[in-house]
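**Student:** Okay, sequence plus prediction incoming.
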Amino acid sequence: MQLFSIALGALALGACAQPPPPPPPVPHGYVEGAEETAEAQSRLIVAEDGGALRVLDLLTEETRDLQPVPGIRDVVTDGRFGFVSDANSVHVVDSGAWTVDHGDHIHHYRAEIRELGEIPLATPVQAQSDKVVVALSGADGATVLLNREPLEKGRIERAGDLRVEPGTAAVPFEQHVLALSGDAVRVLDRAGAETARIPQPCPEPAGTAVTRRGVVFGCADGALLVTADDGPFRGEKIAYPPGAAPRASEFHQRPGSDTLAALAGEDGAWLLDLSKRSWKHVPTGPVAAVNAVGAGGSLLSVGTDGTMRAYREDGTEIARNQVIPPGGPPPSIQVDTSRAYVNDVAAGTVHEIDYNDGLRIARSFRLGGQAAHLVETGR
């Protein structure tokens, strides 16, 4: 009997010592602390020069007021995070809305809005990012690299520092960072060491855009497109047409799009089609803001008279609508796959524009105060 009891005890201990079952596999696309959704969770970060800062959820129409940032100079975004510049630092806001593009499919997410802290940097800043790092380039060329994974978890963690030509942006691209020095685009590893240099020069650089086809740098003589395509980094110059109007110095686009818009002086716009490697100048009349819908879509502009206009790729005007009063502070145009957003600065209002329906105002969000700065996240 005693031997039987000992045997039973040993059996019980053996059973208790069995390893626990493995955890269930993590579903594809799972992100801890976030909800995956079927559609983009677009949000607007809206700021006043005086410091008021808020996030507007375009699906629920709810507004979240954030801690004021006195003396706001600019707001930029990398698609998820907002970077709010004051006189001498940049404040980081997690908008809680983002899209992950895997090429053949897309994931959309929503999470809580969070204020993450600030970084001393000469402002205003430019922001570019990939899946690993965020590059914040100050007005004096000083650039801070942030590790993206800690940022997504609510912590600001520096990955390194480098310097670019003042007024330009460092761009994380293909496991490297592209940085301008003089008129040369340098290819740096993540530690900041130069590994290559693009042979084509970019005189008087101004303006940067990241597209599916590569990174675009604005130059005095055209655009420099930098690509990698599973091989060495290469540059291709897309020259302005003969007798060109004033150069482009800042690009605007629907995120990831291969069609870029830029102001061309005070009375025109540039449309840069990377698929055709071509520029198109559109005489708009006195203009305050421009953006591009994307391949095959419209060029959008808002004139100093407050009228929004849509143009075909050949420059033909196809629609117009008065969306803000004439003579006010210049607005901005944010574009996603079906709507555009225009801020009436003085009225503290943001208009949602259906650019596929004659520039109809679909909704207006009266936020109060002033709407001097506007960016869209979640796209």
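**Tutor:** Okay, I see it.
**Student:** Would you map the strands across the stretch 1-150 of the chain?
**Tutor:** 35-37, 43-47, 53-57, 63-65, 74-77, 81-85, 89-94, 97-101, 106-110, 114-120, 126-129, 133-137, 142-147 (DSSP state E, counting those that start in this stretch).
**Student:** Then the stretch 151-300 of the chain?
**Tutor:** Along the stretch 151-300 of the chain, the segments classed as strands by DSSP E, counting those that start in this stretch run 158-163, 171-173, 176-181, 184-188, 194-197, 208-211, 214-219, 222-227, 234-239, 259-263, 268-273, 278-283, 287-292, 299-303.
**Student:** where does the protein have low pLDDT?
**Tutor:** 1-31, 103 (pLDDT under 70).
**Student:** So which residue is smack in the middle of it?
**Tutor:** Centroid check for the chain by Cα atoms, centre = their mean gives residue 78 as the closest residue, at 3.4 Å.
**Student:** That one contacts residue 127, doesn't it?
**Tutor:** Yes. With contact defined as Cβ atoms under 8 Å, residue 78 counts as touching residue 127 (5.0 Å). C-beta coordinates here come from the backbone N, C-alpha and C atoms, glycine included.
**Student:** what touches both of these two?
**Tutor:** Among the neighbours of residue 78, those also in contact with residue 127 (Cβ atoms under 8 Å, 6 or more residues apart in numbering) are residue 134.
**Student:** how near is the residue nearest to residue 80 when sequence neighbours are not counted to residue 78?
**Tutor:** Excluding its sequence neighbours, the residue lying closest to residue 80 (Cβ to Cβ, 6 or more residues apart in numbering) is residue 98, at 3.7 Å. Noted for residue 98: a distance of 9 Å to residue 78, by Cβ to Cβ, to the nearest Å.
**Student:** returning to that earlier point: correct me, but the residue nearest to residue 80 touches residue 378?
**Tutor:** Yes. Between residue 98 and residue 378 there is a contact at 6.0 Å, judged by Cβ under 8 Å.
**Student:** hang on, isn't residue 356 packed against residue 335?
**Tutor:** No. Applying Cβ under 8 Å, one finds residue 356 not in contact with residue 335, separated by 11.8 Å.
**Student:** So those two - more neighbours on which side?
**Tutor:** More neighbours surround residue 335 than the other of residue 356 and residue 335, with 25 against 14 (other Cβ atoms under 10 Å).
**Student:** mind listing what the more buried one touches?
**Tutor:** Residue 335 sits in contact with 252-254, 291-294, 300, 341, 355, where contact means Cβ under 8 Å, 6+ apart.
**Student:** before we move on, what about residue 308?
**Tutor:** 300-302, 320-323, 342, 353, 359.
**Student:** same deal with residue 196?
**Tutor:** Contacts of residue 196 (Cβ under 8 Å, 6+ apart): 186-187, 232-233.
**Student:** List buried residues within these.
**Tutor:** Buried by 16 or more other Cβ atoms under 10 Å: 186-187, 233, out of the contacts of residue 196.
**Student:** Next, format those residues as CSV and append distance to residue 266.
**Tutor:** Listed next are the buried ones among the contacts of residue 196 as CSV, based on distance: Cβ to Cβ, whole Å:
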residue, distance to residue 266
186, 34
187, 36
233, 36
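**Student:** My guess is residue 205 contacts residue 165. True?
**Tutor:** Yes. Between residue 205 and residue 165 there is a contact under Cβ under 8 Å: 6.0 Å.
**Student:** So those two - more neighbours on which side?
**Tutor:** residue 205 (24 against 20).
**Student:** any idea how far the more buried one lies from residue 247?
**Tutor:** In this view, residue 205 and residue 247 are 11 Å apart by Cβ to Cβ.
**Student:** Which residues are in contact with each of the two?
**Tutor:** The contact lists of residue 205 and residue 247 share residue 218, where a contact means Cβ under 8 Å, 6+ apart.
**Student:** Nearest residue to residue 169 in space, please, no chain neighbours.
**Tutor:** Nearest non-adjacent residue to residue 169, counting by Cβ to Cβ, 6+ apart: residue 126, 3.8 Å away.
**Student:** show me what contacts the residue nearest to residue 39 when sequence neighbours are not counted?
**Tutor:** Counting by Cβ to Cβ, 6+ apart, residue 39 lies nearest to residue 108, which is 6.1 Å off, once chain neighbours are set aside. Taking Cβ under 8 Å, 6+ apart as the criterion, residue 108 is in contact with 36-41, 98-99, 378.
**Student:** mind running it again at 6 Å?
**Tutor:** Neighbour list for residue 108: 37, 40-41, 99 [criterion: Cβ atoms under 6 Å, 6 or more residues apart in numbering].
**Student:** Just the buried subset of these, please.
**Tutor:** 40-41, 99.
**Student:** which one of these is nearest residue 47?
**Tutor:** Using Cβ to Cβ, residue 41 is the member of the buried ones among the contacts of residue 108 that lies nearest residue 47, at 20.0 Å.
**Student:** wait, the closest one sits on residue 376?
**Tutor:** No. If you go by Cβ atoms under 6 Å, residue 41 and residue 376 don't touch, sitting 11.0 Å apart.
**Student:** so residue 303 bridges to which residues?
**Tutor:** residue 287 (DSSP bridges).
**Student:** What is the burial count for it?
**Tutor:** 19.
**Student:** wait, isn't it in contact with residue 287?
**Tutor:** Yes. At 5.5 Å, residue 303 counts as touching residue 287 under the criterion of Cβ under 6 Å.
**Student:** Any idea how far apart the tips of stretch 268-283 sit?
**Tutor:** Using Cα to Cα, to the nearest Å, the gap from the first to the last residue of stretch 268-283 comes to 4 Å.
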